[in-house]
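Participant: This is the structure alone, sequence omitted:
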């Protein structure tokens, strides 16, 4: 398991990586559905905090595998088997998400998470055997990941409530510090195009949840004749918004954003809010559907905020991490201003109407102002 060449031409995601992503489709869908139910019932604080905790674990496990794979992927039988073990951990984690939301019981998610992380320890230890000057970094990864798993076992002993939330924040900060601890002397090689392709593929996963919400609006319309026009409208607008978010995300050349270790950390960590916001957008659409069909007693204004806030966060996150340094002054003004303007959507009776118009306008600006290379 030798370090991969970071300049390898035509490096693309492997079939194993695409297979690996499938289990995250399941987990993200369950997390988004649970957030939808919490928001629809007005349980905002508990729903959002539970979602943030669950999504952190999914994002971090996915990201760690992705960055390891870009450096040491061998695609031999042992690597495949270890990866499939991680997939089993993701499925176990996903099965415990409903209990985590409803009762604050994180037992099954933590156990599934530990399975994922122990398999990752095994990968790093195997890589250390042929890593050469990177051996110390690979062993630090193995030691750091293993040590944090002990903390997650302790986490299970803390009763649900404020103390559990504080412990989660502390343990999560320790978790995300492991790469800094491991690579402060020697950085593992990453392939910029491969990494950003992988992030793009996960973006498609979270945006796909919104397309499902759009389809659900059409399904509801066939049963709710009194709300037929609003439901069809929200389906069309959701498709327009989702397509615009896709266009905006893939507009900049993302590989330019990870030219140094510090920039790669910024890129990777900022994507936590980008991914989480995209998946939360679909939950917001489902909340809008509940309001329209009378299954939720939230006001239209509050329901609309469950849509516009995630979109604004997504826009600002993508702008900060990828667009900002590849855009002219017009684009760098339009995108953040557009993120703020979408928050005006709740004052209109038609759900996500302003948001759709603003996002389409941003796409038009991006078409007229292609990316610029500020490195020259």
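Facilitator: That came through, no problem. Predicted model only: the values in this text are computed from it and were never measured.
Participant: alpha carbons only for contacts and neighbour counts from here, please
Facilitator: Fine.
Participant: Low-confidence ranges, this protein, go.
Facilitator: 217, 220-227, 348-352, 375-376 (pLDDT under 70).
Participant: Quick one: the helices in it, in order.
Facilitator: Per DSSP state H, the chain carries helices over the ranges 15-40, 44-72, 77-95, 97-103, 107-128, 135-155, 162-183, 192-221, 228-249, 261-292, 300-318, 329-341, 353-368.
Participant: now for the ones you listed, which one comes closest to residue 5?
Facilitator: helix 44-72 (7.8 Å; Cα to Cα).
Participant: That closest one - contacts with which helices or strands?
Facilitator: Contact partners of helix 44-72 among helices and strands, from 3 or more Cα pairs under 8 Å, 6 or more residues apart in numbering; DSSP states H and E: helix 15-40, helix 97-103, helix 107-128, helix 192-221, helix 261-292.
Participant: Can you add mean neighbour count and distance to residue 173 and give those helices back as a markdown table?
Facilitator: Shown next, in a markdown table, are those (neighbours: other Cα atoms under 10 Å; distance: least, Cα to Cα, whole Å):
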| stretch | mean neighbour count | distance to residue 173 |
| --- | --- | --- |
| helix 15-40 | 20 | 21 |
| helix 97-103 | 18 | 20 |
| helix 107-128 | 22 | 16 |
| helix 192-221 | 20 | 22 |
| helix 261-292 | 23 | 11 |
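Participant: could those helices go into JSON lines alongside distance to residue 90?
Facilitator: Below are the helices and strands packed on helix 44-72 laid out as JSON lines (distance: least, Cα to Cα, whole Å):
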{"stretch": "helix 15-40", "distance to residue 90": "6"}
{"stretch": "helix 97-103", "distance to residue 90": "11"}
{"stretch": "helix 107-128", "distance to residue 90": "6"}
{"stretch": "helix 192-221", "distance to residue 90": "15"}
{"stretch": "helix 261-292", "distance to residue 90": "17"}
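Participant: looking at those, which is closest to residue 309?
Facilitator: Nearest to residue 309 among the helices and strands packed on helix 44-72 is helix 261-292 (8.1 Å), distances taken as Cα to Cα.
Participant: how about the helices and strands packed on helix 44-72, which one is nearest residue 151?
Facilitator: Among the helices and strands packed on helix 44-72, helix 107-128 sits nearest to residue 151 (Cα to Cα), with 10.5 Å.
Participant: which other helices and strands contact the closest one?
Facilitator: By 3+ Cα pairs under 8 Å, 6+ apart, helix 107-128 packs against helix 44-72, helix 77-95, helix 135-155.
Participant: Check the gap between residue 304 and residue 291 for me.
Facilitator: Distance from residue 304 to residue 291, counting by Cα to Cα, to the nearest Å: 10 Å.
Participant: what's the nearest residue to residue 274 if we skip its chain neighbours?
Facilitator: Using Cα to Cα, 6 or more residues apart in numbering and skipping residues adjacent in sequence, the residue nearest residue 274 is residue 314, 4.9 Å away.
Participant: So what's the residue count around that neighbour?
Facilitator: Here the number of neighbours of residue 314 (other Cα atoms under 10 Å) works out to 25.
Participant: pretty sure it is in contact with residue 271, am I right?
Facilitator: No: the pair residue 314 and residue 271 does not pass the contact test of Cα atoms under 8 Å, sitting 9.1 Å apart.
Participant: what do these two both touch?
Facilitator: Both residue 314 and residue 271 lack any common contact, where contact means Cα atoms under 8 Å, 6 or more residues apart in numbering.
Participant: so who does residue 74 touch?
Facilitator: residue 1.
Participant: Distance-wise, check it relative to residue 372.
Facilitator: Applying Cα to Cα to residue 74 and residue 372 gives a distance of 36 Å.
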